[in-house]
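In: here is my input; please provide its structure:
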Amino acid sequence: MTSIERTAYPRFTRAPSVKELREIYIPTSTDIAFVATTARGPAQKFGLMILLKVYQRLGYFPKPETIPGAIIGHIRAVMKLPADLVPDIASNHTLYRYYAAIREHLEIQSEGKHIRHVAAQAMHQAAQVMENPADLISAAIEILVKEHCELPGFSTLERMARRIRNLVNTGIYQSVADRLTEAEQQALFSLIARDGAESFTAFNRIKEAPKSATLTHLDEWLSRLTWLQSLGNMQPLVEGLRYAKVKHLAEEAHSLHATNLWDFAASKRLTLLVCLIAQAQVSTRDEILQMFTKRMSKLTSRAKEELERLREGERSTSEHLVEVLSDVLQVTTETQDPASADRQIREVLEREGGAAHLLEQCEQVAAHHGDRYQPFVWRYYTSHRKALFRVIKTLEFQSTTSDQALIDAMNFIIAHEQDPKKYLETTIDLSFASKKWLRTVMVRRKSKSWFIRQHLETCVFSYVAAELKTGDLCVAGSEQFADYREQLLSWEECEPKVAEYCQRLDLPMTAEGFVEHLRTRLTEVAANVDRTRPENRELIINERGEPSLKRLQAKAAPQGLAQLEEALREKIPERHLLDVLARIDHVTDFTRHFGPLSGNEPKTADAKVRQLLTIFAYGTHLGPHQMARHLRGALNADQIAHLNRRHFTAEKLEAAIRDITNRFHRFTLPRYWGDEKRVAADGTQYELAEENLLVERHIRYGGYGGIAYHHVSDTYILLFSHFIACGVWEAIYILDGLIRNRSTIQPTTVHADTQGQNLPVFGLAYLLGIKLMPRIRNWKDLNFYRPSREAHYEHIDSLFGDNVVEWDLIQTHWQDLLRVVISIQEGKVLPSMLLRKLTTYSHKNRLYQAFHALGSVERTIFLLTFISDVKLREVIHRSTNKVEEVGLGS
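Out: This next block holds a predicted model:
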């Protein structure tokens, strides 16, 4: 049976707080008027008011004896009634009369058949994506409240949820099974066959996790994808199923052992296997592409290192050539006779090795001039060639624009993969390549242009990796590298929502109005900063026009701070972490979110205790084996690992954290610590097992590992965490923490360090109604953008240079910008999915260019405000210090 605590079914709190009583149970003037016209005596009015306020809180009429005395006493005090007055709610006749009056007054639907129909429809729809009966009950309650329906008893909803869930799931399982032939079913069953130890290898192979992005692992993962595809195309089998349902069933299958699957009916067993394989095929494509881009990045890095090494080795040659040139120039300036000068120059050249030798040295140095690393990629590419060709032949690449040049180039090098010739005819368009790459790839021979085959291959592979990052290329059957445009709402779907969205953010509702609004803001801020510049003694602009800010003065610690800290240490008792967990669970009941992925209730009586021990084991990095040693037989390592695998998911953990955060938010003290409307984001490196796709060496932090990217409220509570790979620009994930945050703490301003910003992030944050205020280390090196070429300033003109906002781009792509933000608000995509594509320059991606232009406005406004407002700088400094303290403490 589903526990009521796991659902949104309204119920009385154990001990209503004063705040709750004041916010919920104080009668309004409408309530008082209704009671006055419906009931006669004081006892009757008292009873009716209690039932009215209780119904408004719960949405149903509870048994009178279950109403907490604190609520009755509070209403008595508010109505100024005698302490000994007993409310008239004892007789059934009176209760029914009051119930009818309240239903009529609040216009409540109370007809049982209609209510059950509404609830059943809501549950049936929710069951298409949800599995847990508690979630179905909560979904039904949400719809019933919207439809002004009186909530039925919890047991009624619980029975309906189980019946409808079984009905929907049975239909799903049978529909998938019916699409499989007998031979296909037997092939799937063979993956989990019982006979022999080797029979479980196939099922375990499906569940394998990716390893680090080495060449060997890339080759292994390509073979894995080939094998997974040999099991069949699973997408037609799950067609019609919601993605969330497929993902949940895949997670459930992943948490099981092969033997567990035989406990289910054949149709469910097949469905779990199909969903698991379908998700494995998608995730394996993503992982191959991640490995591919990382390997290409590694090849590029090695080529750049080789160029730098050669430059270092040629430094003496360069210095020698400069000395020769100096001697030649000296002869030229000191000798008037051309013939004599010519003779002396030749003597200088002969003395230094001869003109031919010096020319050879010049060509050698010139070849490595101008950051041209491209010719050196081939040196490290040879060992990768076979695997890289396997990638582009195994996966189906598609262009997200009308430009097919790179796709044609991929097909061209595939056609010539076995061609031994060094030079190939120039029969394809390389317009996607830079001038440096073209100089490397192209050569003139016999009055004709040719491709150097090796360099053409490295060029194409380099641009495939680059355009996967920018979103100009996508891969069919991938999730992370899918065509992001297809995941956005269409303009037809967005258009009805534009007015409400713009009104909520106080934005103009036309492209022209939006651009004018931005232009006015930038113009006014720049003019104001210029006007107040003489009074701003913190900002220094030297004679070269270079700005700098005076260092913030550290504030002295308040008198008596040390004594206060000492007193707190003495008074705060030592608590064991497990005791703290148990106490927090007693207050918040956060463990109600954990349980079997099947949605059933835990079968053990001490499930809560086991779940807390599992949280402790993994949360402290003890792990199941060390934890089992300390428990001395109470739980063994297999049981702890089983609980972690079967009862916990990231979504469930986030729900539990949200409960704790919401409880924390109810306390008064944290509001003195900071502003709940502010949050700061920063990354902390954690060491991870090296055989992990997430693991990389981090230049800033040193060592190998991953980055835990934290969003910490200004009131010192961690709101959101996300693990990202080292080397990823942290700004990509800075907005996810605010969009995915569902707690009662809803910040609107986010602080970060230099890694937490770039122009597209500034633009997207503005359209989402989020104020991005980072602490930028190299702010003086960033571009300030003028509102127009004619805009000039008396005191701060040197800050701007020649940069002007591209207003036409913003106006032209206004609809595209709104499509993105409305799609994010509707939960279709996360900001990080788009920012991964928008943080790398792309001349093809007009959406990138539009966000870049919008960001140039917003970052310029921020920078101007930053250099002119010392109090803002203090707030940013204080907030970013808080998140760094949390990172150090973790």
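
In: Provide the partner residues of R786 in its beta bridges.
Out: In this entry, R786 is beta-bridged to V804, by DSSP bridges.

In: and it, what does it touch?
Out: A526, F800, N803, V804, V805 (C-beta atoms under 8 Å, 6 or more residues apart in numbering). For the C-beta atoms, the positions are set from N, CA and C on the backbone; glycine is no exception.

In: a markdown table for these, including distance to R311 and pLDDT?
Out: Listed next are the contacts of R786 as a markdown table, based on distance: C-beta to C-beta, whole Å; pLDDT from 0 to 100:
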| residue | distance to R311 | pLDDT |
| --- | --- | --- |
| A526 | 42 | 96 |
| F800 | 35 | 93 |
| N803 | 32 | 93 |
| V804 | 36 | 95 |
| V805 | 38 | 96 |
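
In: may I ask which of the residues you listed has the most neighbours?
Out: A526 (23 neighbours; other C-beta atoms under 10 Å).

In: show me where pLDDT drops low in the stretch 351-500 of the chain?
Out: 367-368, 370 (pLDDT under 70).

In: test my guess that L249 contacts L272.
Out: Yes. The pair L249 and L272 qualifies as a contact (C-beta atoms under 8 Å) at a distance of 5.7 Å.

In: hmm, back to that, out of the contacts of R786, flag the one nearest to T684.
Out: Nearest to T684, judged by C-beta to C-beta, of the contacts of R786 is N803 at 34.9 Å.

In: which phi and psi does that closest one have?
Out: phi -80, psi 130 (degrees, to the nearest 10).

In: residues in contact with it?
Out: N803 neighbours (C-beta under 8 Å, 6+ apart): N783, F784, Y785, R786, S856.

In: gap between the last one and E147?
Out: As for S856, its distance to E147 is 48 Å (criterion: C-beta to C-beta, to the nearest Å).

In: in CSV, list the contacts of R786 along with distance to L597.
Out: Putting the contacts of R786 into CSV (distance: C-beta to C-beta, whole Å) gives the following:
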residue, distance to L597
A526, 56
F800, 57
N803, 53
V804, 55
V805, 51
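
In: G513: which of these is nearest?
Out: The closest of the contacts of R786, once distances to G513 are taken by C-beta to C-beta, is V805, at 16.2 Å.

In: that closest one is in contact with S856, isn't it?
Out: Yes. Using C-beta under 8 Å, V805 makes contact with S856 at a distance of 5.5 Å.

In: could I get the full set of strands for the protein?
Out: Ranges of strands in the chain, per DSSP state E, are 397-399, 423-425, 442-445, 448-452, 473-475, 539-541, 547-549, 678-686, 696-697, 704-713, 718-725, 749-751, 771-772.

In: run the chain-centre distance for the last one.
Out: When you say that, I think you mean strand 771-772. 17 Å (C-alpha atoms, centre = their mean, to the nearest Å).

In: name the helices or strands packed onto that strand?
Out: strand 749-751, helix 759-767 (3 or more C-beta pairs under 8 Å, 6 or more residues apart in numbering; DSSP states H and E).

In: give me the contacts around that strand.
Out: With C-beta under 8 Å, 6+ apart, strand 771-772 has contacts from 734, 748-750, 752, 756-757, 761-762, 765-766, 858, 862.

In: so what strands line up beside that strand?
Out: For strand 771-772, pairing defined by DSSP bridges yields strand 749-751 (parallel).

In: cool, and the third one?
Out: Strands flanking strand 442-445 in the sheet, each with its direction: strand 448-452 (antiparallel) (DSSP bridges).

In: picking that back up, filter the contacts of strand 771-772 to the buried ones?
Out: Buried by 16 or more other C-beta atoms under 10 Å: I734, T749, V750, A752, G756, Q757, V761, F762, A765, Y766, E858, F862, out of the contacts of strand 771-772.

In: hang on, isn't the fifth one packed against E730?
Out: Yes. With contact taken as C-beta under 8 Å, G756 and E730 are classed as touching, separated by 5.6 Å.

In: so what sits against both of these two?
Out: With C-beta under 8 Å, 6+ apart as the test, G756 and E730 both reach A681, D682.

In: where exactly do the helices run in the stretch 551-700 of the chain?
Out: Remark: helices assigned in the stretch 551-700 of the chain by DSSP state H, counting those that start in this stretch are 561-571, 577-588, 607-619, 623-631, 637-647, 650-665.

In: helices and strands of the protein: which one bottoms out on pLDDT?
Out: strand 696-697 (a mean of 66; mean pLDDT, DSSP states H and E).

In: how about low-confidence regions in the stretch 551-700 of the chain?
Out: Applying pLDDT under 70 to the stretch 551-700 of the chain picks out residues 689-690, 695-700.

In: if we can go back for a sec, identify the contacts common to V805 and S856.
Out: Here V805 and S856 have Y785 as joint contacts, going by C-beta under 8 Å, 6+ apart.

In: hmm, back to that, can I get the helices and strands packed on strand 771-772 in a markdown table with mean pLDDT and distance to L424?
Out: Conversion of the helices and strands packed on strand 771-772 to a markdown table gives the following (pLDDT from 0 to 100; distance: least, C-beta to C-beta, whole Å):
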| stretch | mean pLDDT | distance to L424 |
| --- | --- | --- |
| strand 749-751 | 94 | 51 |
| helix 759-767 | 94 | 38 |
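
In: which of these sits closest to F514?
Out: helix 759-767 (9.7 Å).

In: just checking, what packs against that closest one?
Out: Looks like helix 759-767 contacts strand 771-772, helix 814-825, helix 831-838, helix 846-868 (3+ C-beta pairs under 8 Å, 6+ apart).

In: out of those, which gets the lowest mean score?
Out: When the helices and strands packed on helix 759-767 are compared on mean pLDDT, helix 831-838 scores lowest, with a mean of 84.
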